[in-house]
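>>> after the sequence you'll find the predicted model.
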Amino acid sequence: MPSRPLPPAELIRRVGWDIHSRSLAEVYEQRGRDQWEFTCSLLPADWTFAGKRVLDFGCGVGRMLRNGPERDPAGEYWGCDIDSRSIAWLSEHLAPPLHVFEAPDLPPTSLPDGHFDLIYAFSVFTHLSDSWSAWLLELHRLLKADGILILTVFGPGCSSHMGIPLDGDHVGMNVFAPYTEWDGGGPLIFHSEWWLRAHWGRAFEITELRPGDPAGPPPLFGQSAVVMRKRPVTLSIEELERPEPDEPREFRALRANVASLSTELRWHTVYIKSRSWRLTAPLRAVGRRLRGVLRGPAPR
Ligand SMILES: C[S@@+](CC[C@H](N)C(=O)[O-])C[C@H]1O[C@@H](n2cnc3c(N)ncnc32)[C@H](O)[C@@H]1O
């Protein structure tokens, strides 16, 4: 197999999970292959990539997408991300065969309606706190009438996060760490199955929801996968976000989310703003640098 270029370490680290491996090459190459194969396993039995146009929404530095042209060159493979450094690296090293573009923070993109046969987003809606509805509608617009959308989520299958119970009765779409930047992984979103069926189900028919296993191995690390077909509807952001009528779990989930955000805020106020936290900041910086040294240089 021809040797393939490896992106700079910081671009691999920002798409996550290097804490589970000491090898950036493994995080990029093996995980990317696993993610690609897992996504293909969710496609219909008679699916082929020949003549199909595919979008990897939030492709990062392309660890999944680059498997497409290698495995099945008869397809057309597109990727987008808000991270200009990742898109610049992909443009220089992998386009062509890939088609890549920088996505705006909020839609629309400049692509025409019905442009794609398949859109997938791996570990993206797990972090979209405010713009999820606008992007879900944009992906709906970009899909062909018979197109397939595959998104991963955290939630179904999980019962707690950092000691906070996350049963389906108290989770709708709950947001943790809303202040986290994308380079730090972004906010963390938990979805429950009933909420996904109620809200995403307005725009898409959910044909499969494969629940995650909280102790699960790579490439999912506990995420679930939602496979969807486009419904022939035109919806607004408000219509997608509006609470499900007569659904008491909407209110319970909101209350639970306010409670968990208050706990985070208390933690933030007590520790981050405290004198001892500020005084020990240099030590933590040294620790971070040391961990980077122990992990070793980026493999080439
Ligand atoms: C956890 S990373 C996963 C990256 C990639 N899917 C992978 O598995 O390697 C989430 C990615 O979503 C990207 N992202 C966030 N908001 C986006 C948006 N509005 N449009 C496109 N990409 C976005 C982030 O920049 C980041 O690269």
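Yes, it's here.
>>> what mean pLDDT does the biggest helix by length in the chain get?
Ordering each helix of the chain by length in residues (DSSP state H) puts helix 248-267 first. For helix 248-267, mean pLDDT rounds to 89.
>>> buried ones in that helix?
By neighbour count on 16 or more other Cβ atoms under 10 Å, the buried set for helix 248-267 is Arg249, Glu250, Ala253, Ala256, Asn257, Ser260, Glu264. Any C-beta I mention is one placed from the backbone N, CA and C, and that applies to glycine too.
>>> take these and write them to a markdown table, including distance to Ile82.
Shown next, in a markdown table, are these (distance: Cβ to Cβ, whole Å):
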| residue | distance to Ile82 |
| --- | --- |
| Arg249 | 32 |
| Glu250 | 30 |
| Ala253 | 28 |
| Ala256 | 29 |
| Asn257 | 25 |
| Ser260 | 26 |
| Glu264 | 24 |
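>>> rewinding a little: only C-alpha atoms, please: export the longest helix of the chain in PDB.
Output of helix 248-267 as PDB, limited to C-alpha atoms (Å, rounded to 0.1, in the frame of the first residue of the first chain):
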ATOM      1  CA  PRO A 248     -43.600  15.500  30.500                       C
ATOM      2  CA  ARG A 249     -40.000  14.400  30.000                       C
ATOM      3  CA  GLU A 250     -39.300  17.700  28.100                       C
ATOM      4  CA  PHE A 251     -39.700  19.600  31.300                       C
ATOM      5  CA  ARG A 252     -37.900  17.100  33.500                       C
ATOM      6  CA  ALA A 253     -35.000  17.000  31.100                       C
ATOM      7  CA  LEU A 254     -34.800  20.800  31.200                       C
ATOM      8  CA  ARG A 255     -34.800  20.800  35.000                       C
ATOM      9  CA  ALA A 256     -32.100  18.200  35.000                       C
ATOM     10  CA  ASN A 257     -30.000  20.200  32.600                       C
ATOM     11  CA  VAL A 258     -30.300  23.300  34.700                       C
ATOM     12  CA  ALA A 259     -29.200  21.300  37.700                       C
ATOM     13  CA  SER A 260     -26.200  19.800  36.000                       C
ATOM     14  CA  LEU A 261     -25.100  23.200  34.600                       C
ATOM     15  CA  SER A 262     -25.500  24.700  38.100                       C
ATOM     16  CA  THR A 263     -23.100  22.000  39.400                       C
ATOM     17  CA  GLU A 264     -20.600  22.800  36.700                       C
ATOM     18  CA  LEU A 265     -20.900  26.500  37.400                       C
ATOM     19  CA  ARG A 266     -20.300  26.000  41.100                       C
ATOM     20  CA  TRP A 267     -17.300  23.900  40.300                       C
END
